[in-house]
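J.: what shape does this take:
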Amino acid sequence: MTIRVLIVDDQMMVREGFSVLLNAMDGIEVVGEAVDGREAIAKVAALRPDVVLMDIRMPVMNGLEATREIVASDTDAKVLVLTTFDLDEYVYQALRAGASGFLLKDASARQLADGVRVVASGEALLAPTVTKRLILEFSKLSAPPKLADPAGAGELTERETEVLVLIAQGLSNAEIADRLIVAESTIKTHVSRILVKLGLRDRTQAAVFAYETRLVTPA
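T.: As a prediction, the model looks like this:
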């Protein structure tokens with residue numbers, strides 16, 4: 001199945017460059033572009049993309065606000081945040097708003113395509129070290145984030161809690177299956193149940209939940 005992508009950035013060269021790179025990749029099609037968050041929301045509703053490549057700093061409506069509205073809307077589109085710096089002050093806020101991960105703007109064509117595929121498949125595009133650094137840095141620089149309902153974690157079984165911790169550490173389903181010596185299909189079932197029980201959108205939100213409820217703490 002072809003992955004449909006919407007590119008959102010106020011710089012024409014960025015949009016056109018990413019569009020050329022992605023359209024050259026097998027199984028990926030750029031279905032539209034938007035110059036700001038407000039236009040992105042309208043394009044998501046009209047084009048129904050699978051993945052939205054979202055810049056943060058834009059006029060009219062920034063990517064953070066747009067991400068929040070897109071995630072809250074009736075769409076299955078996953079938001080992949082584009083940023084210049086891996087500790088951009090808005091990255092963590094975007095993840096809490098519902099983004100499925102983030103990608104640096106200087107990523108190679110292969111990294112860009114792989115990132116789109118990872119997010120489209122429902123995986124989190126967050127390396128373990130980056131996740132820890134984000135949580136750690138923003139806990140230092142600002143007031144601690146409001147915790148997700150800790151009671152929600154109590155609804156999980158012992159094995160589901162174990163899987164959640166491994167998700168937060170950045171492991172894929174296959175890696176978790178190897179670690180726990182079970183079938184990958186079993187892990188997929190656990191992940192689905194975790195998301196349903198906690199009312200979360202995807203693995204990235206599960207990782208954020210695990211850090212914010214202190215199931216996992218930055219090293």
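J.: ok, the residue positioned nearest the centre of the chain to I176 distance?
T.: Nearest to the mean C-alpha position of the chain, by Cα atoms, centre = their mean, lies S100 at 1.1 Å. Applying Cβ to Cβ, to the nearest Å, the value for S100 to I176 is 18 Å. (Each C-beta comes from the backbone N, C-alpha and C, glycine too.)
J.: now do D55
T.: To I176, D55 is 32 Å away according to Cβ to Cβ.
J.: more neighbours: the two, which one.
T.: The residue with more neighbours, out of D55 and I176, is D55; 25 against 22, by other Cβ atoms under 10 Å.
J.: flag the helix or strand of the chain with the lowest per-element mean pLDDT.
T.: Of the helices and strands making up the chain, the lowest-confidence element is helix 128-141, at a mean of 54, by mean pLDDT, DSSP states H and E.
J.: following element in sequence after that one, please.
T.: Next along the chain after helix 128-141, taking DSSP states H and E as the criterion, comes helix 158-168.
J.: which residue packs closest to Q205, ignoring adjacent ones?
T.: G98 (6.8 Å; Cβ to Cβ, 6 or more residues apart in numbering).
J.: show me where the chain has strands.
T.: In order along the chain, the chain carries the following strands (DSSP state E): 3-8, 28-34, 51-55, 78-83, 101-104.
J.: out of these, nearest to R201?
T.: strand 78-83 (8.7 Å; Cβ to Cβ).
J.: can you list contacts of the closest one?
T.: In this structure, residues lying in contact with strand 78-83 by Cβ atoms under 8 Å, 6 or more residues apart in numbering are 9, 14, 50-56, 63, 67, 70-71, 90-91, 94-95, 98-105, 115-116, 119-120, 122, 125, 202.
J.: are any of the residues you listed buried, and if so which?
T.: 9, 14, 50-56, 63, 67, 70-71, 90-91, 94-95, 98-103, 105, 115-116, 119-120, 122, 125, 202 (16 or more other Cβ atoms under 10 Å).
J.: just the ones of these in helices?
T.: Within the buried ones among the contacts of strand 78-83, residues falling in helices by DSSP state H are 14, 63, 67, 70-71, 91, 94-95, 115-116, 119-120.
J.: shaky segments in the chain?
T.: 85-91, 123-154, 217-219 (pLDDT under 70).
J.: switch the cut-off to 80
T.: 74, 83-97, 104-107, 122-154, 169-170, 201-205, 207-208, 211-219 (pLDDT under 80).
J.: so for Y211, which of the strands of the chain sits nearest?
T.: strand 101-104 (14.7 Å).
J.: what's that closest one packed up against?
T.: Contacts defined by 3 or more Cβ pairs under 8 Å, 6 or more residues apart in numbering; DSSP states H and E place strand 101-104 against strand 78-83, helix 91-97, helix 109-120.
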